[in-house]
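> coords below, sequence missing:
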C-alpha cells in the first residue's frame, strides 16, 4: 500500500467545481478503497502567506489535505485521471 497526499486550498477549483470534490469523484470512479479530506486550522502556502480561519473575515482560505492509501497501480490510475486538475 502507498500513501498519497495532495495539498490544496479550499478555494481551489477545477471546471467550476471545488477541486477537493472533483478529486473525490475521481477516486469514486476508480473504486478506490477510500480518500479523506482534512481541513487544517492553519498553514503557510507557497507564497509564504499564513492561512487561518477567522470569523471576522468573509473570505477564508483554508489549507486542505486529501489523503489516499491504496495500491500503487491504483494511485497511478487516479493521478492519470486527475492530471488536468493537478
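Happy to help now that I have it. Source: prediction; values computed, not measured.

> switch to C-alpha atoms for all contacts and neighbour counts from now on
OK.

> Give me the next element, helix or strand, following the helix-or-strand element of the chain with minimal mean pLDDT.
Within the chain, no helix or strand scores below strand 50-52, which has a mean of 72 by mean pLDDT, DSSP states H and E. For strand 50-52, the succeeding helix or strand toward the C-terminus, using DSSP states H and E, is strand 63-70.

> how far does that following strand sit from the chain's center?
Mean-position distance between strand 63-70 and its chain equals 6 Å (Cα atoms, centre = their mean, to the nearest Å).

> For it, which outside residues touch it?
If you take Cα atoms under 8 Å, 6 or more residues apart in numbering as the criterion, strand 63-70 is touched by 1-10, 20, 32-43, 45, 51, 75.

> list the helices and strands the least confident helix or strand of the chain packs on?
If you count contacts as 3 or more Cα pairs under 8 Å, 6 or more residues apart in numbering; DSSP states H and E, strand 50-52 packs onto strand 42-44.

> residues of the strand it packs on that come out buried?
residue 43 (16 or more other Cα atoms under 10 Å).

> before we move on, the earlier item: quick one: buried residues of the least confident helix or strand of the chain?
51, 52.

> Residue 78 and residue 38: what is the separation?
19 Å (Cα to Cα, to the nearest Å).

> Looking at the two, which is more packed in?
Of the pair residue 78 and residue 38, residue 78 is the one with more neighbours under other Cα atoms under 10 Å, namely 21 against 12.

> what pairs with residue 68 across the strands?
Beta-bridge pairing of residue 68 under DSSP bridges involves residue 4.

> Quick check, pLDDT for it.
pLDDT for residue 68: 98.

> give me the number of residues near it?
22.

> Filter the contacts of strand 63-70 down to the buried ones, PyMOL style.
In PyMOL, a selection of the buried entries from these looks like this (16+ other Cα under 10 Å):
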select buried, resi 8+9+10+20+32+35+37+43+51+75
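
> Give me the below-cutoff pLDDT ranges for the protein.
Along the chain, segments meeting pLDDT under 70 span 53-59.
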